[in-house]
Structures are given as C-alpha cells and as structure tokens.
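Chemist: Build the 3D model from these lines:
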Amino acid sequence: MELLNISYEKYTLSNGLEVILHNISSLPIVAINLWYKVGSANEREGKTGLAHLFEHMMFQGSENVPKEMHFRHIQEAGGSLNGSTNTDRTNYYEKLPSNYLELALWLESDRMGYFLPALTEEKLNNQIDVVRNERLERYENQPYGLAWEILISNIYPKSHPYSWPTIGFMPDISYQLDEVKNFFKTYYSPSNASLVIAGNFDTGRIKELVEKYFGEIKSDGKSLSARSSSSVSASLRPESVKLEKEILIERKENVQLERIYLAWHSETVFGRYDSSLEVLADILSGSKNARLYKTLVFEKEYAQDVTAYQHSGKYGGTFIIIATAKPGIELNKIKDEIFNELKNIEVNGITDKELTRSKNGIKSGFIHSLQNIDSLADQLNYYAFYLNEPNSFNYDLKRYEETDSSLIKEAVKLYLTKPFVELRIVPERVNDK
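Modeler: This next block holds a predicted model:
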C-alpha cells in the first residue's frame, strides 16, 4: 500500500553539490538539512573524534560570520538549529520561517566555502577543551557511560572504523591546526555534501539562491574522491568481520545496580535482515507486553529494565541487549532468561499477534515522526545517502511489512547464535578502591 510518496526534485550543481527540493506549500516554515558524507568511520587510529570536533567547530564562525553569530542569526529569526555526527555522516540543520530561507542558505554556504580563513589556533584549542569536557561529563563521569565504547572496541577489530566512539578516545582529542585544516579540505566540500530544502518556497527562486550561495564554492581536489578513497577501505566487507570466540568483560564502577550488556555482530543498514532484527528488538523489549520485558521485569522481577535494539551502519551492524538487575539478583539469572528466549524464537518463531503489534507500532511511530519537517528533511537525506533515492519511504516501510516469523528465526540463527561480547558493570566496593 502506497502510504508515503514524497515528491521532490533532485539536481547537482557544477561543483558536485547534490540538491534535493521538497515543496510543502501549506507550511509557513522551511527546513534546511545538510549532510556531509563524513563520519567517525573516515578517521584513523590515533586521530579519532575529528568529525565530531567539526560539529563544534562549524559554529565558531566563518569568513563573513563572526563566532556565535550563526546561532544568533537563526534564533533571532525565530528559528532553531543544531548539528549531529555519527559513524557515517555529519549533519547540520536549521528550521525557520520561510521568509528567512535566504539567511540560512548564506550561513551554511559561508561555512562550507569560507570556514578555513576564520579558523585559528585559539578557536581550535578552545573547542578541543569543550569536547574533552563533554567526554568527561557525558561518558567518563556518567554511570555506565563507557559501556558503548567498551562494546564496540571489543566487537570490532582495532583497525575497523566502527571500533572507536564518535566523540573519539580521550588521548586522541588533541589535534594540530594543519590536521584539522586537511580534514576539512578532504571532506567538507560541495562534492561530498547533500543539501535538502523542505517547506514553503518558490522553486525557481530557490534554485537561483542555491546557485548564488553555493555555486561558486570550489570542490577541493581531495574531496572529489573522498567517498571511495577515504580512510575507510573499500575492501571492508561486513561479513568478514566476526568474533572467533566469546568475550567477557567485567568492569567495576561507582554504580548502585549491576548491569549486563550482550552484543553481537549483525546486519548492515538496509541489509536483508536489518528490519527483521529491528522487529525482533521491539518484540523483545519494545513494550510492557514484550517478551523479555514481561518475563524479566514483571513476572520474575529479575530486572529493573531491559532494552534490545539493532544498530546498523554502512560498514557493519550490532544487535545489543541491555538489562539492569534488581538488587540481589545475579546477572547469570538474567543472562539465562535472555538466551532461553532467543532459543525459543529460533526454534518456534513468533506469533502473528506479536508481529502485527510490532509492525503497527513501528509504522505509526515512523509516520508520526514525519509530521516534524526537520525529521522529514533528514529522512530525505538519509535515503539519498544510503539508497541514492530520497523518496524511499514506501520501500523502507515495505521491509517491515514483509518481515515474518521465518525471517526473524533466520536472523536469530544467523547472528544471535554466534560468539558475542558480554559486558558486566558491577558496583565498586570500598575495598576495591
């Protein structure tokens, strides 16, 4: 059933910038969503965290926009803005009244084309300190805060681009000005970017403005091949990355409750079993009626909470189950219940009722998210990046519609019967210090 068929126009400027226009004349606002095709996977060992650093640096001013003024211009126009970084891409976005669209285009183009002249040692060192403090506050000094980093650095080999956290390892968050400039020249270029504009605008006028502000920006020679010759090897095939044996890690922290993490290699984004693993995660922990939640939290009262999710990217995927034990409950009891349930699903599959409930929940959540123009613009860029087709909404939903019990059983057998990483975080006692 064709639930979502989004009309758009896609074209490419002479400098390689991809432009995607989606007109919604009924709205008085517009969203600008810019993806640079660079994430933490494009970094290298010893120099992690550069892509995330730029999420900060790009708000520190450019040749014609003083420091902090990007935020102020947008906010004073009644808009909102931010940026984000993951393994595969870096994203900058604004939402504001339609009559201020030209302002947003000028701001984005100025930092794309004229960022380096405003980059100074002082600004760099300031943001290095900001990122180091962010890492301390959000990860190192947070209960369970380093769990994700520990999992990925054990499930992936050291040379794999998903083996380090997006924020970078603390010893790596110290960069020279030339290193930062070269990273920018390589990746933050029109030929390595995709610009989505969604909302209320005149198409002819917008094309003129896009050409006016972005057309004269040159693509650095390095960036023309950034997609194929980055530090990410083209020979990195996800199926070749696997654990030879199970890994158990126990970590003592200043926490009150024990917590167990189980992580397996799984499917890449839009791979054959990607959606099936998402449905499985929802059936395991997505609601109070979910299997693990019902058993561990309500019936046996072993756990305070339990979460399962499928995390997939371009170069690999990870399926993770996390459970926090109730006081006095051994983690082995929780682990046994988790594996009993996985074995049960591998042998017997799941019920039609579970499938229907999960599919309906995923579908309604997805459609609801698209009511936000920010999310809609970002989704267009997401599909353009991974599928080379911005209007892939129905294709995406169809993957979940076609997921059935047999596909989920296959996914469990293929991925969740293989060696895994087990991380146990337990309370640190006085005599441990």
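
Chemist: give me the element W106 is part of.
Modeler: W106 belongs to helix 101-113 when assigned by DSSP states H and E.

Chemist: How far away from the center of its chain is that helix?
Modeler: Offset of helix 101-113 from its chain centre (C-alpha atoms, centre = their mean, to the nearest Å): 24 Å.

Chemist: Ok, stretch 179-193 next?
Modeler: The answer for stretch 179-193 is 20 Å, by C-alpha atoms, centre = their mean.

Chemist: Okay, now the unreliable bits of the stretch 151-300 of the chain?
Modeler: The stretch 151-300 of the chain contains residues with pLDDT under 70 at 221-240.

Chemist: residue ranges for the strands of it, please.
Modeler: With DSSP state E, counting those that start in this stretch, the ranges of strands along the stretch 151-300 of the chain come out as 193-199, 247-253, 259-266.

Chemist: and P143, which of those is closest to it?
Modeler: Closest to P143 of the strands of the stretch 151-300 of the chain, according to C-beta to C-beta: strand 247-253, at 6.5 Å. C-beta: built from backbone N, CA, C; applies to glycine.

Chemist: So what are the sheet partners of the closest one and their directions?
Modeler: strand 421-427 (parallel) (DSSP bridges).

Chemist: If you count neighbours, what's buried in the strand it pairs with?
Modeler: Under the neighbour-count criterion of 16 or more other C-beta atoms under 10 Å, strand 421-427 has V421, E422, L423, R424, I425, V426 buried.

Chemist: pLDDT for those residues - can I get that in a markdown table?
Modeler: Converted to a markdown table, these look like this (pLDDT from 0 to 100):
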| residue | pLDDT |
| --- | --- |
| V421 | 98 |
| E422 | 98 |
| L423 | 98 |
| R424 | 98 |
| I425 | 98 |
| V426 | 97 |
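
Chemist: re the thing from before, ranking the strands of the stretch 151-300 of the chain by burial, who's on top?
Modeler: strand 193-199 (a mean of 26; mean count of other C-beta atoms under 10 Å).

Chemist: List the pairing partners of that one within its sheet, with orientation.
Modeler: By DSSP bridges, strand 193-199 pairs with strand 18-23 (parallel), strand 29-36 (antiparallel).

Chemist: how far out from the middle of the chain is it?
Modeler: 18 Å.

Chemist: got it, and stretch 213-223?
Modeler: 26 Å.

Chemist: got the domain boundaries for the chain?
Modeler: Structural domains of the chain, as assigned by automatic domain parsing, span the residue ranges 9-229, 238-432.

Chemist: and the helix or strand hosting G361, what other elements does it pack with?
Modeler: Using DSSP H and E, G361 maps to helix 352-369. Identification of packing neighbours for helix 352-369 by 3 or more C-beta pairs under 8 Å, 6 or more residues apart in numbering; DSSP states H and E yields helix 274-285, helix 393-401.

Chemist: which helices and strands does the shortest one pack with?
Modeler: With contacts defined as 3+ C-beta pairs under 8 Å, 6+ apart, helix 393-401 has these neighbours: helix 274-285, helix 352-369, helix 373-387.
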